[in-house]
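Undergrad: Kindly generate the corresponding structure for this input.
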Amino acid sequence: MSRKSIIDDPQHGNKAEAFEAFDDIPTNPNLTRTIGDVINARYGRRDMLKGILGVSATTALFGTSAIIAPKQASAMSGKGRYNFDELTWGNDETHHIAAGYDADVLLRWGDPITADAPDFDPMNQTVEAQLKQFGYNNDYVGYTELEPGRGLLCVNHEYTNEEVMFPGLGRQDKQDFAGMTKELVDIEMAAHGGTIVEIAKDAAGKWSVVRDGKMNRRITPLNTEMTVSGPAAGHERMKTTADPDGMTIIGTLNNCAGGMTPWGTYLMAEENFHGYFWTETRDAEGKPDLSAQPQAASMKRYGVPGMWYAWGKYYDRFDIDKDPNEANRFGWIVEVDPRNPDARPVKHTALGRFRHEGAETTVSKDGHLVIYTGDDNRFDYQYKYVSAGTVGDDAAANSALLSDGTLYAARFDEDGTITWLPLVHGTGPLTAENGFNDQGDVMIDARLAADLLGATPMDRPEDAQPRGDGTAYIMLTNNTRRTAEQVNAANPRAESSFGHIIEIKEANGDHAATTGTWSILVKCGDPSIAEVGAQWNPETSANGWFGSPDNCAFDADGRLWISTDQGSSWGKTMKSDGLYSLETEGALRGHSKLFFRCPVGGELCGPYFSDDSETLFLAVQHPGTDGTKDFKGFERDSTFEDPATRWPDFADGMPPRPSVLVVTKQGGGKIAI
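TA: Numbers count the residues shown, from 1 in each chain. The predicted model follows:
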């Protein structure tokens, strides 16, 4: 999930823009062995491309559906596990849902979330108003029930699009932020972070916001104080001018996906934090010059400073020349107690610092807390965390599990095994000789530690969803930076635009295991184009295949759902982003169906099911922004005054507004049953 998506469609001049998507730039120098190399070595590229693999190898890689002829699959499939009429693919100004379902807007950017909040006025925005209103670009959505039909919605706000957020500005990173003022920066900061808001269902089954809810609040990088736990708490590299103890951090930012713990707290994953840092020290080409920075190697590995925003012009803590340690205080997993507005959020450093995508939890056979989280960058790693203690009935004791445990990085081997490599100080090369003086250093520089351990560079690991039986599904969204030398069976093209999904089976069905096996569930893209090399169940329709898997979720019946993020490259498929069901078992394994699709330029986030699977929460962020040059009849960049869509209000003068929707079945009942 990127703030600015690279335009790499030859129609517009390949990478012709003067900027690049900052999470598209690989920072991993250890690229001698990618996941593609492993798949290629395991199966043999020429054999895969010619389709002459033996049955046993094909089954191991793609599952039984890959070797079932279409007529055989049809005879064996029955109805499948997902009961809904598939939606037709396309791209237009509004959202669409499968027949028999309602997708109602629950919350929009700027909607009041407190009793004293003003109504949204896009022409007269203020920081005071935004701090009491729903934030921008809603990404992760979680829900914790207070009582039947009433609960707390927890929503991340990943970033802001100033060009459609403020009148008269346009894209500021193209203009050296000439139009930005401290007032606008403060509004941007107030629109980041998270929202916790009470919602309730009426007698007719309709959900709405409870504006006077006692737990309603905003969490922002502008004014929310947070504490720190784990091995980097109080570390010398966490200390700043404003916080000489290294224990109090103001805010959280670029909160992408996340998770909910078994005891009902909310995990916010900090992803592309590097983009918010600034420097006036430039080289002859105007690029950041890190030569005088003592932490230059670390900053380079993390892409700091990214200079996406002008925050560092007005706040010294975001200027690495003035406060170089501040960047070390972001890139963590943040735990929030949604039921206790007085409790400080906690940044848990035992889970490592990188561009976290998701923080999905499960409990191992012996009761240990396990969290899967990816590092969303080209050629970076898949991780999981296993707590030292076990989950119990005491919430405070359970939260302490996030401070004491082991973080692992994944190595995917040719024989189909996965090995989880512990990031523990003193293990192998993780010593002072290599720059790791203690466990705090290992966690602050988790990427560098995983480099030395030999973890497998992946194709942008995004969300990861564990299932109770020791299975986990890893979303690998794409890797357009793959070179011709790295072409492989998983993505047989020089630029992997469509991604794939890996299924992990942990040893003995135990998520705390340090070994297991892996296989590919699907390779994404259009299966009708041979050179794309897509791999789906042959029963998948033209509506059902997708590109760039991103977020995922299980419903109450253990069925997997996938949302997509194609960025500005949706013109390669001409499909808007959406939500798809995906079969993981049996004769229909690898079969996908389209359930919901976004308005043009929007990305689908969430999804999150209520415990009874009768309610599905979805988030549409940045509607009307991504790839609008490919939108027929519009074919230009959106601005506040001239957007590709005015979804969801469709009112003159109202810009597009990122929104959370609530999906229910007409007449009631479980989704897709």
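Undergrad: just the helices in the stretch 251-400 of the chain please.
TA: Assigned by DSSP state H, counting those that start in this stretch, the helices in the stretch 251-400 of the chain fall at 296-302, 311-314, 395-400.
Undergrad: So which of those helices is nearest Arg447?
TA: Among the helices of the stretch 251-400 of the chain, the nearest to Arg447 by C-beta to C-beta is helix 296-302 (5.2 Å). Quick note: C-beta positions are derived from backbone N, CA and C, even for glycine.
Undergrad: Buried residues of the closest one, list them for me.
TA: Under the neighbour-count criterion of 16 or more other C-beta atoms under 10 Å, helix 296-302 has Ser298, Met299, Arg301, Tyr302 buried.
Undergrad: Can you tell me which of these is nearest Asn137?
TA: Top of the list for closeness to Asn137, among the buried residues of helix 296-302 and by C-beta to C-beta, is Tyr302 at 21.8 Å.
Undergrad: residue contacts, the closest one?
TA: By C-beta atoms under 8 Å, 6 or more residues apart in numbering, Tyr302 lies in contact with Thr27, His274, Ala327, Gly331, Phe354, Arg355, Arg447.
Undergrad: how about 10 Å then?
TA: By C-beta atoms under 10 Å, 6 or more residues apart in numbering, the contact list for Tyr302 reads 27, 273-274, 277, 295, 327-328, 330-331, 353-355, 377, 444-448.
Undergrad: so Ser403 touches Val346, yeah?
TA: Yes: counting by C-beta atoms under 10 Å, Ser403 does reach Val346; the two are 8.3 Å apart.
Undergrad: So which of these two has more stuff around it?
TA: Per other C-beta atoms under 10 Å, whichever of Ser403 and Val346 has more neighbours is Val346, with 24 against 20.
Undergrad: and that one, what does it touch?
TA: Each residue near Val346 by C-beta under 10 Å, 6+ apart is listed here: 226-230, 233, 249, 265, 332-337, 399-400, 402-403.
Undergrad: Who does it form a beta bridge with?
TA: Thr227, Glu335 (DSSP bridges).
Undergrad: State the distance from it to Asp394.
TA: 16 Å (C-beta to C-beta, to the nearest Å).
Undergrad: Show me which of the contacts of Val346 are buried.
TA: 226, 228-230, 233, 249, 265, 332-337, 399-400, 402-403.
Undergrad: Out of the helices of the stretch 251-400 of the chain, which gets nearest to Asn124?
TA: helix 311-314 (21.0 Å).
Undergrad: Need the residues that contact that closest one.
TA: Under C-beta under 10 Å, 6+ apart, the answer for helix 311-314 is 177, 180-186, 188-189, 192, 221-222, 253, 275-280, 305, 317-323, 326.
Undergrad: let's go with 6 Å and repeat that
TA: Residues from elsewhere that reach helix 311-314, judged by C-beta atoms under 6 Å, 6 or more residues apart in numbering: Lys182, Val185, Tyr276, Trp278, Phe318, Asp319.
Undergrad: neighbours around the fifth one, how many?
TA: Right, the one you point to is Phe318. 26.
Undergrad: quick one, what contacts it?
TA: For Phe318, the contact set (C-beta under 6 Å, 6+ apart) comprises Tyr276, Phe277, Trp278, Trp311, Gly312.
Undergrad: one more time with 8 Å
TA: Contacts of Phe318 (C-beta under 8 Å, 6+ apart): Tyr276, Phe277, Trp278, Trp311, Gly312, Glu326.
Undergrad: Closest one of those residues to Cys598?
TA: For those, the nearest to Cys598 is Tyr276 (26.1 Å; C-beta to C-beta).
Undergrad: surely the closest one meets Val304?
TA: No: between Tyr276 and Val304 there is no contact under C-beta atoms under 8 Å: 9.2 Å.
Undergrad: Strands of the stretch 51-200 of the chain, start to end?
TA: Using DSSP state E, counting those that start in this stretch, the strands of the stretch 51-200 of the chain run over 96-97, 101-108, 138-147, 150-157, 193-201.
Undergrad: Tell me which strands the longest one pairs with, and in which orientation.
TA: According to DSSP bridges, strand 138-147 forms sheet pairs with strand 150-157 (antiparallel).
Undergrad: same deal with the first one?
TA: In the sheet, strand 96-97 lines up against strand 592-597 (antiparallel) (DSSP bridges).
Undergrad: Please apply the same query to the second one.
TA: Neighbouring strands of strand 101-108 in its sheet, by DSSP bridges, are strand 659-665 (antiparallel).
Undergrad: what touches both of Ser403 and Val346?
TA: With contacts defined as C-beta under 8 Å, 6+ apart, the residues shared by Ser403 and Val346 are Ser229.
Undergrad: that older thread, now the helices of the stretch 251-400 of the chain as CSV including distance to Ile529 and mean pLDDT?
TA: Formatted as CSV, the helices of the stretch 251-400 of the chain follow (distance: least, C-beta to C-beta, whole Å; pLDDT from 0 to 100):
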stretch, distance to Ile529, mean pLDDT
helix 296-302, 37, 98
helix 311-314, 43, 97
helix 395-400, 49, 96
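Undergrad: so is Arg447 in a helix, a strand, or just coil?
TA: Judged by DSSP: H, G, I helix; E, B strand; the rest coil, the three-state class of Arg447 is helix.
Undergrad: how many other residues sit next to it?
TA: 24.
Undergrad: Let me see the contact set for it.
TA: Neighbours of Arg447 in contact, by C-beta under 8 Å, 6+ apart: Thr27, Asn28, Arg301, Tyr302, Phe354, Asp375, Asp380, Tyr381.
Undergrad: let's see it at 7 Å
TA: Arg301, Tyr302, Phe354, Asp375, Asp380 (C-beta atoms under 7 Å, 6 or more residues apart in numbering).
Undergrad: One more: Leu594?
TA: By C-beta under 7 Å, 6+ apart, the contact set of Leu594 is Glu86, Leu87, Trp89, Asn543, Gly544, Gly578, Tyr580.
Undergrad: so how far is Thr88 from the fourth one?
TA: When you say that, I think you mean Asn543. 6 Å.
Undergrad: Of the two, give the one with the bigger neighbour count.
TA: Asn543 (18 against 12).
Undergrad: neighbours of the spatially closest residue to Asp376 that is not a sequence neighbour, just the number please.
TA: Nearest-residue entry for Asp376: Glu357, 4.0 Å, with adjacent residues in sequence omitted and distances by C-beta to C-beta, 6 or more residues apart in numbering. For Glu357, the tally of surrounding residues (other C-beta under 10 Å) stands at 31.
Undergrad: likewise Ile673?
TA: Residues near Ile673, counting by other C-beta under 10 Å: 15.
Undergrad: same deal with Asp510?
TA: Applying other C-beta under 10 Å, we find 16 residues neighbouring Asp510.
Undergrad: separation between the closest residue to it other than its chain neighbours and Gln133?
TA: Leaving aside its chain neighbours, Asp510 sits nearest to Lys365 (4.6 Å; criterion: C-beta to C-beta, 6+ apart). To Gln133, Lys365 is 44 Å away according to C-beta to C-beta.
Undergrad: That'll do, ta.
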